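Student: Predicted model, plus sequence, below.
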Amino acid sequence: MNRTKVGVFLSTCGDQLSEILSFDALTQYVKEIPGVTLIVRSSEFWRGNGLQAIVDAIKAGKINRVVVAEGLPKLSEVKIVEAVEEAGLNPYLVEVIDIKDHCAWPHRDTPSEATEKAKAMLLAAIERAKLLEPIEKLEFPVLKSALVIGGGIAGMQAAEDLADLGFEVHLIEKEPFLGGLAARAGRFFPTDDCAICIQSPVSDVKTITHTSRKCVYRSGFSEVPNLNILTSSRVTGVEGGPGNYKVTIEKKPRYVNEQKCVTCDLCTAVCPVEVPDEYNARLKTRKAIYMNIPNVHPPVYVIDENVCKFHDCAKCVEVCPTKAIELNQKSEQITLNVGSVIVATGFQEFDSSIVKEYHYGHYQDVVTNLELARMIDGFGPTGGAIIRPSDRKSARKIVFIQCVGSRDKRYNAYCSSICCMISLKHAMLIKSAYPDTDITLCYIDIRTTGRQHEDYYERAREMGIKFVKGRPTEITRDPDKNRLIVDVEDALLHRFLELDADLVVLAPAMVTSEGTKELAQIGLGSLLDEDGFFREYNAKLRPTETIVRGLYICGGATFPKDAPTASLHAHSAALKAAKFMTTGKMIRDQRTAVVNEEYCGDCRFCPVTCPYGAINLVPTTEEHFVAQVSEIMCEGCGVCVGTCPLGAIELRHSRPNQMLAQMKALMSINGTAKPLVLAICCSECGHTAVDSSGMAMMQYPANVRVMKVPCTGILQVHQFLDAFKAGAQGVMVVGCKSDGCHYEVGSEKAEKKVELTRMLLKEFGIAPERLEMFNMVFIEGDKFAEAAQMMTERLEKLGSLQLAGGL
Amino acid sequence: MNQAKAFSNVVTSRLGGETITACYQCGTCASSCPVAKITERFNPREVIKLSLLGEKDEVIAGDAIWLCCSCYNCQERCPQKVEIADVIYALRNIALKEGYIPNIYSEFASALSNDGRIVGVSKFVESKRPTLGLPPLQPTGMEALKKILSATGFTKLQKKEEKS
């Protein structure tokens, strides 16, 4: 192996730094460090001549490790690393430190102390650089095909986007017809147009549609090239990983040939089996062979296998003019290999019967908004008439109750966000069709936050819909008159009302769907939040991504959504999936965890703590398991390292020996009269907060030394003790806020280890307050400077740390 | 505003009062309340609102908090899990500490510390017991009760109340 030859490049940042730091002293100091073969001083090294000097030195073979002391580290590092790679050196053999924002600026009032700190920083960088190892980049194939789970409004739009972009798309829907919840809702707010309107394909199919949007059944959706629609299908297994998922699907038989059926209605006319129609809120019956409503996709009947008498009857077979009915169809198992998966499993209404005081499911005339939507739909079971289910007389007095099971800590604490608009929509549709109807809406707060939504609320008031601010305590029924009584306090009037009603409409919470629950059971459960919805990677910036590459989420599967938001979400998920698949490959460097199989054995901790599900246990012998890290899934945070009790797992880019060497170097020189403090910062918010404090010229003493780790989750208890042994009088751990940790759980794990170490320190007779965790976001430079100052003062008060032999 | 913050802090720091800030004034408690239905003098929603707004004097000097019959209907149905009946107890305790107590309650208190019962039992009532198949009344364990009353601070409060 070649001798390590470290090149050290000292930037004066346009001579700004030389007014504070003594570059002659730094050069003199670095020259004496073993392994350093080249020292160059320049104005800057991340572009122009300075960068060329690095490139030339590499090409000339003078150096094989690069240490650069620069300003603007996060930007300069990118440029330097790129150039180093082009020059032919492995780009992971570079160490860039920021002597401006981490040293010269914050300590400009104490220049000689700053110079001494800069020496320690350079030594740490050089010692780490010597121990760095080349890291390779791996290429993984990515299939250019996608599976979209859920044929509601979100799933259909995501599928269409990807198919239009040329990817092969499989859209699966568990029901026999597309449309999801949207199709049942009938109309959408705030335009009151029909719900199942989707965008028409951009491909050539558009010639048959003329306009940009049409109902799904006449949009030409099914004719989009590259799109394979599978109805009555559900996912039964997902294997593989990003870029190559193997998905198994069970497709139930329709018993009607989609290619032959002409929807002539002869079969339904002769079918002798009649059952309540669940799709239409049981307000009518349907036959064993049926369609939900006439305008559906696919426009083909389906046989309900739970009630059909099949060959004992077969009247439909006889009457079908195109011989489309095939009673011998069987379930199919389909296996698909896809590069990415988009989950669009939607949401559903909460089961209101759980809220006992409203007697839903017990009083027939208490219905939900979705059931009411079926009555309002002209294609629906009542032909648009609003009736009391108990006696089918028309409903003249209607009371809506908002927030049934939502904003309710007993059931779902969250606001479902769309129910106010749904109830307003229904109230107005009824009022316009039947102006004499007396409608009262009981609410806690009316939430109309979208575009045009407030107008909608105003229009409802204009139309004479009454509003009562109060959540009813109970619905009772007068059995003699068959009327409902809603018991509510109008909080504004301070008056108790007993509202008499023909029909009470509940606005139930919108909860996670059965489809999502099924996916949770086949291995995606870890991706759900506490409410059972799919959790986004980052709520602010990555709303349709999950922590698993190649797995995207959209629409109501993430939270209840109105149609515009669900569409937006669908397009976003499709774009993310397209970006992931477009080159057909994925390049990942090996800044990942690596397992020493000799030490690893059977404890099973790391697979549990890994936030990315990147670690599996594989058997080596019959009874012995070792951890195996997926190179694709591992994000290189090191939470597993911090967890491993045997030190059997390490990160290639942050080995324990590299960290120890850095630590010792940072503590090797003080140069101030103050106690040395080691600030171990995560590379995300922690380290960047230090940048921020420097950039803003905030001051803190030079005895505080910063060491960067990928994530504070990598830290182990013994490393804190190592820091004290290396000479630290105090240790700060600086990480992201727990709920903002860039690696999900790192900060939380670090916090726990800090707590544990403090207990140990106490046992050793060391004041536990010498170690403390700080959580901040990157703009909180002031918080870092304050913490550094505070820690220094605290240690001064505590006095010098004398280590007993025990540590 | 400060006063509001301060008073809701006083309530939340007392046993039973912790959940008061979760209230969003939906009125489920009021429409569940059998007392509020018959008198305008008590409305649990208003008691909570006044407390959150810091109207301490109105809450603790008024008679509303003493009218709650502790049926716990409101608490069962509150969608924010505000422990309303317990909040009212917390408010009563604060009132008591500050020397506000309706006469009937101080009568209960002295009856309790004198006889071990909040309501005295008349000879007439006692004579009815055998006809109902009930055993004769047992004497109250005054010694133990006194210990309890003193340990829980009841006796101290009572003295304070007598002074005022």
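Tutor: Done, it's in.
Student: for chain B, what are the nearby residues on chain A?
Tutor: Selection of chain A residues close to chain B by Cβ under 8 Å from any Cβ of the partner chain yields A:357, A:403, A:407-410, A:444-445, A:469-474, A:487-491, A:494, A:496. Every C-beta, even on glycine, is put in place using the N, C-alpha and C of the backbone.
Student: repeat that for 10 Å
Tutor: Chain A comes close to chain B at residues A:355-357, A:402-413, A:442-445, A:468-474, A:486-492, A:494-498, as judged by Cβ under 10 Å from any Cβ of the partner chain.
Student: Pull out the buried residues from these.
Tutor: Neighbour counting with 16 or more other Cβ atoms under 10 Å in any protein chain shown marks A:355, A:357, A:402-408, A:411-413, A:442-444, A:468-474, A:486-491, A:496-497 as buried within those.
Student: Sort out for me which of those residues are in strands.
Tutor: A:402-404, A:442-443, A:468-469, A:474, A:486-490, A:496-497 (DSSP state E).
Student: In its sheet, which strands sit next to the host helix or strand of A:Asn616, and in what direction?
Tutor: Assigned by DSSP states H and E, A:Asn616 belongs to strand A:615-619. Neighbouring strands of strand A:615-619 in its sheet, by DSSP bridges, are strand A:625-629 (antiparallel).
Student: Which positions within the partner strand qualify as buried?
Tutor: Under 16+ other Cβ under 10 Å, the buried positions of strand A:625-629 are A:Phe625, A:Val626, A:Ala627, A:Val629.
Student: From those residues, pick the one nearest B:Pro139.
Tutor: A:Phe625 (71.2 Å; Cβ to Cβ).
Student: count of neighbours near the nearest residue to that closest one once chain neighbours are set aside?
Tutor: Leaving aside its sequence neighbours, A:Phe625 sits nearest to A:Leu617 (Cβ to Cβ, 6 or more residues apart in numbering or on different chains; 4.1 Å). Per other Cβ atoms under 10 Å in any protein chain shown, the neighbour tally for A:Leu617 reads 17.
Student: just A:Thr583 next, same as before
Tutor: Neighbours around A:Thr583, by other Cβ under 10 Å: 10.
Student: sec struct for it, please.
Tutor: coil (DSSP: H, G, I helix; E, B strand; the rest coil).
Student: who touches it in this structure?
Tutor: A:Val142, A:Lys144 (Cβ atoms under 10 Å, 6 or more residues apart in numbering or on different chains).
Student: One more: A:Asp722?
Tutor: A:Pro656, A:Met659, A:Leu660, A:Met663, A:Lys664, A:Met667, A:Leu678, A:Gln716, A:Ala728, A:Val731, A:Leu807.
Student: mind checking how far the residue lying farthest from the centre of chain B is from chain A?
Tutor: Ranked by distance from the centre of chain B (Cα atoms, centre = their mean), the top residue is B:Thr131, with 34.4 Å. Distance, B:Thr131 to chain A, by Cβ to the nearest Cβ, to the nearest Å: 39 Å.
Student: which residues of the chain score low on pLDDT?
Tutor: The chain I'm using is chain A. Residues of chain A that meet the criterion pLDDT under 70 lie in A:1-2, A:73, A:199-214, A:218, A:804-807.
Student: To clarify, I was referring to chain B.
Tutor: Checking chain B against pLDDT under 70 turns up B:1-5, B:161-164.
Student: How about the residues of it by chain A?
Tutor: B:19, B:22, B:24-33, B:36-37, B:40, B:43-46, B:49, B:73-74, B:76-82.
Student: Which ones among those lie within helices?
Tutor: Judged by DSSP state H, helices contain the following of the residues of chain B next to chain A: B:28-32, B:36-37, B:44-46, B:49, B:73-74, B:76-77.
Student: Could you identify the pair within those residues that is furthest apart?
Tutor: It's B:Lys49 and B:Glu76 that sit farthest apart of those, by Cβ to Cβ, at 20.3 Å.
Student: per-domain residue ranges of chain A.
Tutor: For chain A, the structural domains run A:1-135, A:145-251+A:340-346+A:513-581, A:266-330, A:351-504, A:590-651, going by automatic domain parsing.
Student: And chain B, by the same measure?
Tutor: Taken from automatic domain parsing, chain B resolves into B:2-97, B:103-163.
Student: Please work out which of those is packed deepest.
Tutor: The highest average neighbour count among the domains of chain B, using mean count of other Cβ atoms under 10 Å in any protein chain shown, belongs to domain B:2-97 at a mean of 19.
Student: Tell me which other helices or strands the longest helix belonging to chain A touches.
Tutor: Across chain A, the longest stretch assigned as helix under DSSP H is helix A:111-131. Contact here means 3 or more Cβ pairs under 10 Å, 6 or more residues apart in numbering or on different chains; DSSP states H and E; on that basis helix A:111-131 packs against strand A:6-11, helix A:23-31, strand A:36-42, strand A:65-70, strand A:94-98, helix A:656-666, strand A:704-709.
Student: Pick the most deeply packed of the ones you listed.
Tutor: When the helices and strands packed on helix A:111-131 are compared using mean count of other Cβ under 10 Å, strand A:65-70 is most buried, at a mean of 28.
Student: all strands for the stretch 301-450 of chain A, in order.
Tutor: A:302-303, A:332-338, A:340-343, A:347-349, A:366-368, A:397-404, A:438-443 (DSSP state E, counting those that start in this stretch).
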